[in-house]
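K.L.:
Provide a 3D model corresponding to the input given below.
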Amino acid sequence: MARGDLTSFSYVVLVLVGRGGASAHDIVRMMRRGRLYWSAADSHYYAEPKRLERLGYLTSETAPGRTTDRRVYRLTPAGEEAVAGWLAEPTPAPRIQNEAIVRLLGGDLGDEQAVLASLLAMRAELDTIEGLLAEGRATMPELPHRARALDLVHRLGEDTVELYRSWLDDVERELGGG
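P.N.:
Okay, the predicted model is just below:
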């Protein structure tokens, strides 16, 4: 069951900490690869584990890092219980904040060709996201307990990138006159 002190973002962090634990830096790395699904400033990914620890959902310990010690967070029994309850709740439809759609809709307020160029510039970012999805796939052997779920997530990401590419082709045909 959802708890008043936990937000959707809190659950993202708790799930990423998972059974194996994770440092805030690990969480940031995972979210950069998954930015197609969830986006927040890096500072939030560093702050939220500390908040969740204060609330008793996470515990932490110091562990050696590459250059300095790092704080590794682990779920507490309360954190595991909170995640289990949340996982059992009905999942709402995804909420999409899509700036490309707003730009297209506002095209009549500016230069349509400038809007087209702006939208087509998204292709470079889709290439980047595709690379991040490939990186994510490459890490799957490190997470055998999540391999099936990660495969499904990566397929959704790959299909989403392909859908956006197809949509951009449609936009280019319509606005580009060809």
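
K.L.:
which regions of the chain sit below the pLDDT cut-off?
P.N.:
1-3, 178 (pLDDT under 70).

K.L.:
Mind jotting down where the strands sit in it?
P.N.:
Taking DSSP state E to define them, one finds strands in the chain at 22-23, 58-63, 70-75.

K.L.:
Would you mind telling me which of these is nearest Ile96?
P.N.:
Closest of the strands of the chain to Ile96 is strand 22-23, at 26.6 Å (criterion: CB to CB). Yep, even glycine has a C-beta here, placed from its N, CA and C like the rest.

K.L.:
I'd like the strands of the chain as JSON lines, with distance to Asp108 appended.
P.N.:
As requested, the strands of the chain are exported to JSON lines (distance: least, CB to CB, whole Å):
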{"stretch": "strand 22-23", "distance to Asp108": "46"}
{"stretch": "strand 58-63", "distance to Asp108": "49"}
{"stretch": "strand 70-75", "distance to Asp108": "49"}
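
K.L.:
and Glu172, which of those strands is closest to it?
P.N.:
Between Glu172 and these, the tightest spacing by CB to CB is seen for strand 22-23, at 40.6 Å.

K.L.:
same for that closest one, what does it pack against?
P.N.:
strand 70-75 (3 or more CB pairs under 8 Å, 6 or more residues apart in numbering; DSSP states H and E).
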